[in-house]
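Visitor: Structure for the following, please:
(one chain, ligands or ions: 2)
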Amino acid sequence: GLHRELMPKHVAVIMDGNRRWARSRGLMPQAGYLAGVGALKVVVDLCRKWGIQVLTVFAFSSDNWLRPKVEVDFLMRLLESTLKDEVASMSRDEIRVSVIGDISKLPPSLRDFITHCENTTKNNSRLNLVIAINYSGKYDIVQACQSICQKVKDGEVEPEEINEFMIDNELCMKLIRFPDPDLLIRTSGEIRVSNFFLWQLAYTELYFTETLWPDFGEDELLRAFHTFQQRRRRYGG
Ligand SMILES: CC(C)CCOP(=O)(O)OP(=O)(O)O
Ligand SMILES: [Mg+2]
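Guide: Ligands and ions are numbered 1, 2, ... in the order given. Purely as a prediction, here's the structure:
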């Protein structure tokens, strides 16, 4: 069985396979995205119940802008409507919502509602839900370097003082200072990171499943937790 004290503190998820799920049922991609939101709600609720501290979900990557405009527009509207529909219940469930990624490129209404959600839920601490939107792992490291170089240029920091902790503190999670993911789950059989977290995955247990994201439910999540608990983590020791 699962031991609550051996649960991961920070779970990261790449929610992949929504369009293949739709296609296998003769449905439009949009139906896959909608089903994907349903799966996300189930996983958020289970993580809250199992006492997971941080759940980060890769909801839209910088590469996803390359998709057909009709799909990108639908995803943007779906992100906004989902946040609008769920912010009240997430507040009630003491879930803090944070968004990482470059939101300046998002539609203004979505960008503004993200800010509203973050402000409304910022004092909650039962579960930290981090939604990566227009996130790029490489850009995250680039912007951290830019910030540190500025500090060196301003004479605040000497090059030899730069260390892992300084970089940790400049990455996108700096404002919310969460631990790196203990477990990364990627669905749909793809075995790659796809420019999600890069630096933060240094010691993360990687879990891949053929299951398509809309079909990823309680059984699948608990199986991932069980696998995590069985893997002894050595941190290189
Ligand atoms: C936007 C993102 C969460 C969607 C993930 O599913 P997907 O559209 O990549 O689905 P496919 O891999 O089946 O095309
Ligand atoms: Mg995909």
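Visitor: does residue 22 really touch residue 29, like I thought?
Guide: Yes: here residue 22 lies in contact with residue 29, judged by Cβ atoms under 8 Å, at a distance of 5.5 Å. Bear in mind the C-beta positions are built from the backbone N, C-alpha and C, glycine included.
Visitor: shared neighbours of those two, anything?
Guide: Contact criterion Cβ atoms under 8 Å, 6 or more residues apart in numbering; residues shared by residue 22 and residue 29: none found.
Visitor: okay, and the helix or strand of the chain with the least pLDDT?
Guide: Ranking every helix and strand in the chain by mean pLDDT, DSSP states H and E puts helix 164-170 at the bottom, with a mean of 94.
Visitor: Report the backbone C-alpha coordinates of the helix or strand following that helix in PDB.
Guide: Going down the chain from helix 164-170, the next helix or strand is strand 183-186, by DSSP states H and E. The C-alpha trace of strand 183-186 is given here as PDB (Å, rounded to 0.1, in the frame of the first residue of the first chain):
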ATOM      1  CA  LEU A 183       8.300  12.900  -9.500                       C
ATOM      2  CA  LEU A 184       7.700  13.700 -13.100                       C
ATOM      3  CA  ILE A 185       4.800  11.900 -14.800                       C
ATOM      4  CA  ARG A 186       4.400  12.000 -18.600                       C
END
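Visitor: Okay, strands next: where are they in the chain?
Guide: 10-14, 54-61, 95-100, 127-135, 183-186, 205-208 (DSSP state E).
Visitor: The ones you listed: which one's closest to residue 171?
Guide: strand 95-100 (9.0 Å; Cβ to Cβ).
Visitor: Strand partners (parallel or antiparallel) of that closest one?
Guide: strand 127-135 (parallel) (DSSP bridges).
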